[in-house]
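Engineer: Provided below for reference: sequence and predicted model.
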Amino acid sequence: MPFHLKSFFKPALTATVAAACLGLPGAYAQKAPEPLKIGVILPLSGPFAYYGEQISNGIKVYVKEHGDVVAGRKIELIYKDDTGVAPEIDRRMAQELLVTDKADMLAGFALTPSALAAAPVATQAKRPMIVMNATSTIVPSRSPFIVRVSSSLPQVTIPLADWAYKNKIRKVYTMMADYAPGVDTEKAFIKEFDRLGGTIVGSVRVPITNNDFGSYVQKIKDVKPDAAFVFLPSASAAAAFVKEYRERGLREAGIRLLGIHDLADETFIDSLGDGIIGTITSGPYSPTHDSDVNRKFIKAYAEMFGPNARADYLSSGGYDGMAAIYAALKKTNGKTADGTKVIDAFRGLSFEGVRGPITIDPETRDITQNIYLRKVERDGNHLVNVEFETVPNVKAPKP
């Protein structure tokens with residue numbers, strides 16, 4: 001019987017095609033793309049756990065709304081709990097995520113010490129690092145692989161100093177938590193207020209763990225400034241300060257209370273009581289922000305976490321941070337092997353976030369965004385930050 005090569009290969013060819021069609025191993029089967037891994041480092045326990053919870057909530061809402069596949073690659077989020085201000089833990093976790101877990105990028109970073117500790121690791125590995133809060137000015141400059149999608153403290157503070165002077169506030173007493181962000185905030189306000197012609201009649205830095213403000217508030221009252229500018233990042237410290245501010249009659253004495261968004265964060269603003277009403281703050285986001293994107297976000301947030309859950313600037317950082325990541329990955333067609341090319345995809349990126357228009361500065365990799373002046377008001381059972389003035393397209397100043 002004649003032997004034909006065509007007949008010999010036909011069964012094997014048919015089997016291979018069939019295997020490919022059925023998704024079975026074979027010469028022509030398409031291998032599914034590897035999951036795209038994002039290592040998220042946040043404080044999920046300890047005194048700053050609400051920072052981590054809010055940022056992760058924002059991440060979860062975005063992924064639910066937009067799906068967990070981008071540019072053909074499934075997103076895999078790997079969470080690590082750094083417990084708060086613990087740079088050694090952050091450094092180790094960044095290394096584990098990039099080396100052991102093979103993460104394509106890092107994200108999260110609620111606090112400045114966390115971001116600064118991980119920055120050299122991201123640089124060495126040449127992996128993108130998306131900062132969703134850490135607000136000290138220096139953060140993006142610590143690695144060419146950092147992109148920040150939250151805000152910087154001077155970016156938020158300078159518009160408040162401008163507003164204060166424009167509204168006939170001439171004498172201000174400043175009180176800051178004594179750590180890097182507090183110092184950053186203090187310097188930005190004083191420099192701008194001095195430039196405008198205002199006078200700083202007193203300044204004090206308090207330990208970050210301090211919750212006893214009686215003597216500090218009395219000193220402010222005795223000096224009789226037009227306003228007190230206060231930066232206290234923890235809920236307990238803000239509540240303790242506002243209690244003294246109210247009980248010692250500073251409002252009745254004509255001393256206005258100013259702060260950036262941390263002072264009247266939506267996650268604890270109701271606990272501050274009516275003593276916080278009338279306080280003027282500046283910030284990049286309020287859940288009362290009037291836009292279709294934000295209304296959709298707030299609705300989805302309540303559906304996921306319950307009607308009493310409240311989004312804040314931290315959850316907007318998680319949500320808008322994921323929006324930036326998805327947009328950059330679409331530009332690279334899901335490719336992440338070259339970290340430099342991924343970072344380049346973030347440069348100049350513009351989109352509408354829950355807070356309004358966002359652009360990533362192509363030079364600094366920091367955020368340009370609107371900053372809003374807000375006033376604390378009561379709305380039914382809740383206290384809210386109501387935006388009353390917009391300062392458009394504010395660039396984050398260089399360190």
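Structural biologist: Cool, got the structure. Please read all numbers here as calculations on a predicted model, not as lab measurements.
Engineer: where in this protein is pLDDT low?
Structural biologist: By pLDDT under 70, the low-scoring segments of the chain are 1-31.
Engineer: how does it divide into domains?
Structural biologist: Under the assignment automatic domain parsing, the domains of the chain span 36-151+290-365, 154-283+373-395.
Engineer: Give me whichever of those domains is most buried.
Structural biologist: Stretch with highest mean neighbour count among the domains of the chain: domain 36-151+290-365 (a mean of 21; mean count of other C-beta atoms under 10 Å). For glycine as for every other residue, the C-beta is placed from the backbone atoms N, C-alpha and C.
Engineer: and the end-to-end length of that domain?
Structural biologist: One end of domain 36-151+290-365 sits 22 Å from the other (C-alpha to C-alpha, to the nearest Å).
Engineer: do the same with stretch 247-260
Structural biologist: 22 Å.
Engineer: Measure how far it is from the centre of its chain, please.
Structural biologist: 29 Å (C-alpha atoms, centre = their mean, to the nearest Å).
Engineer: isn't residue 125 right next to residue 98, touching?
Structural biologist: Yes - between residue 125 and residue 98 there is a contact under C-beta atoms under 8 Å: 4.6 Å.
Engineer: looking at this, residue 330 is in a strand?
Structural biologist: No - with DSSP: H, G, I helix; E, B strand; the rest coil as the criterion, residue 330 is located in helix rather than a strand.
Engineer: That one - nearest residue in space that isn't next to it in sequence?
Structural biologist: The shortest distance from residue 330 to any non-neighbouring residue, by C-beta to C-beta, 6 or more residues apart in numbering, is to residue 71 (5.4 Å).
Engineer: quick one: contacts for the one you found?
Structural biologist: 329-330, 332-334 (C-beta atoms under 8 Å, 6 or more residues apart in numbering).
Engineer: Out of the residues you listed, flag the one nearest to residue 387.
Structural biologist: residue 330 (30.5 Å; C-beta to C-beta).
Engineer: mind checking how far the residue nearest to residue 330 is from residue 160?
Structural biologist: Here residue 71 is placed at a distance of 40 Å from residue 160 (C-beta to C-beta, to the nearest Å).
Engineer: Is residue 102 in contact with residue 37, as I believe?
Structural biologist: Yes - under the criterion of C-beta under 8 Å, residue 102 makes contact with residue 37 at 6.3 Å.
Engineer: if I read this right, residue 136 contacts residue 181, doesn't it?
Structural biologist: Yes - counting by C-beta under 8 Å, residue 136 does reach residue 181; the two are 5.3 Å apart.
Engineer: Pull up the overlap in contacts between those two.
Structural biologist: What both residue 136 and residue 181 touch, as defined by C-beta under 8 Å, 6+ apart, is the set 112, 153.
Engineer: what are the ranges of the helices in the stretch 51-200 of the chain?
Structural biologist: Taking DSSP state H, counting those that start in this stretch as the test, the helices found in the stretch 51-200 of the chain are 87-95, 112-125, 153-166, 180-196.
Engineer: could I have the third one exported to CSV, CA atoms only?
Structural biologist: Extracted as CSV, the C-alpha positions of helix 153-166 are listed here (Å, rounded to 0.1, in the frame of the first residue of the first chain):
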residue,chain,number,x,y,z
LEU,A,153,-0.2,69.8,51.1
PRO,A,154,1.0,73.2,49.6
GLN,A,155,-1.4,72.6,46.6
VAL,A,156,-4.3,72.5,49.1
THR,A,157,-3.0,75.1,51.6
ILE,A,158,-2.0,78.0,49.4
PRO,A,159,-5.5,78.6,48.1
LEU,A,160,-6.8,78.8,51.7
ALA,A,161,-4.2,81.4,52.6
ASP,A,162,-5.2,83.4,49.5
TRP,A,163,-8.9,83.1,50.5
ALA,A,164,-8.2,84.2,54.1
TYR,A,165,-6.4,87.3,53.1
LYS,A,166,-9.0,88.2,50.4
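Engineer: got the angle between it and helix 112-125?
Structural biologist: 140 degrees (axes from the mean of the first three to the mean of the last three C-alpha atoms, to 10 degrees).
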